[in-house]
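Chemist: need coordinates for the below:
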Amino acid sequence: MNWVGRAIERFEDPALLRGEGRFTADVAIGARVVRFLRSPVAAGRITRLAPPPEMPAGALFVTAADMPEVGAIRPMLHRFSYRAVEQPVLPRDRVHFVGQPVAAIVAASAELAEDLVELATLEIADETAVADFDDALAPGAPTVHAVAPGNVVVEGFVRQEGVDAALAGAHHVETFAFRSRRQNATPLEGRGGCAGYDRATGRVRLTASTQMPHMLRTGIAELLGMPEADLQVVAPDVGGGFGQKMSLFPEYAVLVWLARRHRRDFAWIEDRNENLIASAHSRDQRHVVRAAFDAAGRILALEADILANVGAFSCYPTTCAVEPLMAFAEYPGPYKVPLYGARARGVLTHTCPMAPYRGVSRPVITFGMERLMDRAAAALGLDAAEIRRRNLVDNFPYRTATGMTLDDATYVEAMEEAVRLADIPAFRARQAAARAEGRLLGLGLSVFNERTGYGTPAFAARSMGIVPGYEVVDIAMTPQGEVEARIGASPHGQGTRTTLAQVIADRLGLAPDQVRIVHGDTDRTPYGWGTFASRNAVISGGACQAAADKLAERLKRAAAVVLQTTAEQVMLRDGHAVGPHDASIAISALAQQVHQRSDLFGEYNLAESASYDPPGTFSNACHLAVVEVDAETGGVAILRYLVVEDAGRILNPMIADGQVRGGIAQGIANALYEEIVHAPDGNILTGTLADYIPPTSAEIPAIEIHHLETISEATATGAKGLGEGGSIGAPAAVANAISDALAHLGVDIAEIPATPPRIRALIRAAEAKARA
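Modeler: You can find the predicted model right below:
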């Protein structure tokens, strides 16, 4: 029986549904409570910092002065004019964004700790803050960090010969300037950690809501100058991460320092206000993209000017370059772009630092390309599908203008299937009838590819100081025949325990419930890079498959002894090792014999290890949205949402569909709802869920999902990543649908989220222009 491809129920779910999951806050019960005194201003000099006048017994007030030996967070990149900015764990003299932790207060209860934070003294001499691109790049603007004069912290530039000539001689040049507003990942569970001290060994066990436990351990050990072996990091059940939890944050270093200094347990659980103002933000970008087209509507050249507001510091280990440089490298997407030019800049401001968020810059560049294609189609008199048909890559492998190799995929086929399922001619008839009744319907397409499962080669090309990529899996079979696979990846809701068990079960002839996946514990798992960038099914899956294959060979050699045949004639199936003439032995009985009678086999154990480090593979999809726009209020209702996606071999269809639906929900939030807003002085105006508005189930439509399967040689399991695809395609599909609904008014969506006030303002402006 093949388990891969079957929609078996997730092993992770029963405990969670019963309320028996174990999260960081559960571990924190009984620990001393830590709260942080945070800066109320975006820029300034600390003139006075003092504890409350009366400190209860056992309470602590910790500042940078108490931690002189602790280093600064300083992620590195060795290309693209990168300036290494240092982030202090706690600042000594200056603050750089609202919410920056300035001091830690410890008390016996959360209530008391909060009260003490309110009573502490923090006086700051305000300085002029820069909160957006224009202010930060203006001549004479305040410098956020002296190491980066002009506030540009990273810059990439490329311009291939012939771009200028193509733009000058093109039949049509389409220019699209647009804005992506700042977001927060808003995981259901915020950040949090509990540092427990073991008096017998002097070790610290940090339980944290993190995506990268090994990297967190490495970073903290370096900051504190402690042996890495003295720190264990455990990621228990994690209530969502989406990239926000893959960085090294100062709060975790403070917890470990407290545990070592005071030989006790300390815990910090982030509240929603802290998460919204001081965790990590994303996708605060402005782009201008231009494309040259010939008379047939084919792209001749593409250029992009990319600005990314990266905040006040650089995230560790990916650096703040991750957003601008991803946009820089991947802008052409699934299209044939012969010539390319781009400039990408990361701009420092006095705002919360940025970190990767599901899809990173791909939702932004997909928005840019897909809006550009629709606008060019209208200018050239082409259908939206037809202009894509003429420009999508259809011959693989394909080397892009930026040097990436696109492996086998279905860019055209996915779009054609979406167009067929949507029956666009019938929709146009309905649209016309509705418009005659005063209702505004629109349809939007979004075609994209997603670079997934990329290992060391891709990250090394960025010249990062720390180069992630590979994954290692240690696998072993117990004397009773159960399998334990210890992985370096650290899932947090992706169903990885289930899908990897399916992969391993198929290679060993077992059922998935006989396979246990161990993750998220640096003491029990090999060094690995955690979970991000749609990599688990590809990289961890590939390592699991390789390790299981090696273990299978061990089992076959042992079975050959028992069955008096050769290993080549042994098959593993249905829980048995089967030889010629259906002679067999149960794998559980074989495992017991190997462990307890090694003298018969020459095998001393049933354990193996394997690694996998691929260059990466590209999944693809076409999203199609149908919306209705209320011209009076600017409100948008999504009437239909359709996806045709190709992520190679689907390991578990139920889990895959869940990943796609979750991503689309976040993409719709990006398109219509969520926005972090700053005042000009850098103060955050969206510090609660009354102001920062995520969608509810009422706003998310039923989502139709259709799968294509292209098995690529670029991935060992045949699977491609799909964890981020939903969030990548949705903003463009929804924005194109809104623009289609309002096209007769001359309204064009060039800013996300497209909130009701923004849409209403565009309609009013179009009406005023028509009257003029």
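Chemist: quick check, pLDDT for residue 461.
Modeler: On pLDDT, residue 461 comes in at 87.
Chemist: one more: the one 4 residues further on?
Modeler: pLDDT, the model's per-residue confidence, is 91 for residue 465.
Chemist: now do residue 649 against residue 18, distance only.
Modeler: 32 Å (Cβ to Cβ, to the nearest Å). Every residue, glycine included, has its C-beta placed from N, CA and C.
Chemist: same check on residue 692?
Modeler: Distance, residue 692 to residue 18, by Cβ to Cβ: 31 Å.
Chemist: related to what we said a few turns ago, name the residue in residue 649 and residue 18 with the higher neighbour count.
Modeler: residue 649 (17 against 8; other Cβ atoms under 10 Å).
Chemist: now do the contacts for that one.
Modeler: For residue 649, the contacting residues are 4-5, 709, 711, 717-719, by Cβ atoms under 8 Å, 6 or more residues apart in numbering.
Chemist: from these, which would you call buried?
Modeler: Buried by 16 or more other Cβ atoms under 10 Å: 4, 717-719, out of those.
Chemist: what about those residues, which are in helices?
Modeler: If you go by DSSP state H, the buried ones among the contacts of residue 649 have nothing in helices.
Chemist: residues contacting the helix or strand where residue 118 lies, please?
Modeler: Assigned by DSSP states H and E, residue 118 belongs to helix 110-119. Here helix 110-119 makes contact (Cβ under 8 Å, 6+ apart) with 33-37, 51-53, 55-56, 59, 61, 105-107, 269.
Chemist: list the buried residues of that helix.
Modeler: By 16+ other Cβ under 10 Å, the buried positions in helix 110-119 come out as 110, 112-113, 115-117.
Chemist: name the nearest residue to residue 105, ignoring sequence neighbours.
Modeler: Closest residue in space to residue 105, ignoring its immediate chain neighbours: residue 116 at 4.8 Å, by Cβ to Cβ, 6 or more residues apart in numbering.
Chemist: residue 540: which of the contacts of residue 649 is nearest?
Modeler: residue 717 (9.7 Å; Cβ to Cβ).
Chemist: how about the closest one, what does it touch?
Modeler: With contact taken as Cβ under 8 Å, 6+ apart, residue 717 is in contact with 4, 503, 537-538, 541-542, 545, 649, 651.
Chemist: how does it look with 6 Å?
Modeler: 541-542, 545 (Cβ atoms under 6 Å, 6 or more residues apart in numbering).
Chemist: how about the nearest residue to it, chain neighbours excluded?
Modeler: In space, and not counting its chain neighbours, residue 717 is closest to residue 541: 4.5 Å by Cβ to Cβ, 6+ apart.
Chemist: contacting residues for that neighbour?
Modeler: By Cβ under 6 Å, 6+ apart, the contact list for residue 541 reads 503, 717, 719.
Chemist: distance of the spatially most central residue of the chain relative to residue 235?
Modeler: The C-alpha lying nearest the average C-alpha coordinate of the chain belongs to residue 358 (Cα atoms, centre = their mean; 3.2 Å). Look at residue 358 and residue 235: by Cβ to Cβ, they are 18 Å apart.
Chemist: with residue 522 instead?
Modeler: For residue 522 relative to residue 235 (Cβ to Cβ), the value is 9 Å.
Chemist: pull up the overlap in contacts between these two.
Modeler: With contacts defined as Cβ under 6 Å, 6+ apart, the residues adjacent to both residue 522 and residue 235 are residue 213.
Chemist: buried subset of the contacts of helix 110-119, written for PyMOL?
Modeler: This is the PyMOL syntax for the buried subset of the contacts of helix 110-119, where burial follows 16+ other Cβ under 10 Å:
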select buried, resi 33+34+35+36+37+51+52+55+59+61+105+106+107+269
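Chemist: helix or strand for residue 158, which one?
Modeler: If you go by DSSP H and E, residue 158 is part of strand 152-159.
Chemist: same question for that strand, mean pLDDT?
Modeler: On average, strand 152-159 scores 98.
Chemist: show me what it is packed against.
Modeler: Counting contacts by 3 or more Cβ pairs under 6 Å, 6 or more residues apart in numbering; DSSP states H and E, strand 152-159 packs against strand 340-348.
Chemist: for the helix or strand bottoming out on mean pLDDT in the chain, buried residues please.
Modeler: Lowest on mean pLDDT, DSSP states H and E among the helices and strands of the chain sits helix 456-460, with a mean of 90. Neighbour counts over helix 456-460 (16+ other Cβ under 10 Å) mark 458-459 as buried.
Chemist: show residues contacting it.
Modeler: Contacts with helix 456-460, where a contact means Cβ under 6 Å, 6+ apart, come from 467-470, 613, 615-616.
Chemist: could you dump these to a markdown table with distance to residue 679?
Modeler: Formatted as a markdown table, the contacts of helix 456-460 follow (distance: Cβ to Cβ, whole Å):
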| residue | distance to residue 679 |
| --- | --- |
| 467 | 39 |
| 468 | 36 |
| 469 | 41 |
| 470 | 44 |
| 613 | 46 |
| 615 | 45 |
| 616 | 41 |
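Chemist: give me the subset of the contacts of helix 110-119 lying in strands.
Modeler: Residues from those lying in strands, with DSSP state E as the criterion: 33-37, 61, 105-107, 269.
Chemist: please report how far the residue nearest to residue 492 when sequence neighbours are not counted lies from residue 442.
Modeler: Spatial nearest neighbour of residue 492, chain neighbours left out: residue 238 (3.5 Å); criterion: Cβ to Cβ, 6+ apart. With distances taken as Cβ to Cβ, residue 238 is found 38 Å from residue 442.
Chemist: in the stretch 51-200 of the chain, what residue spans correspond to helices?
Modeler: Taking DSSP state H, counting those that start in this stretch, the helices of the stretch 51-200 of the chain run over residues 110-119, 133-137, 163-169.
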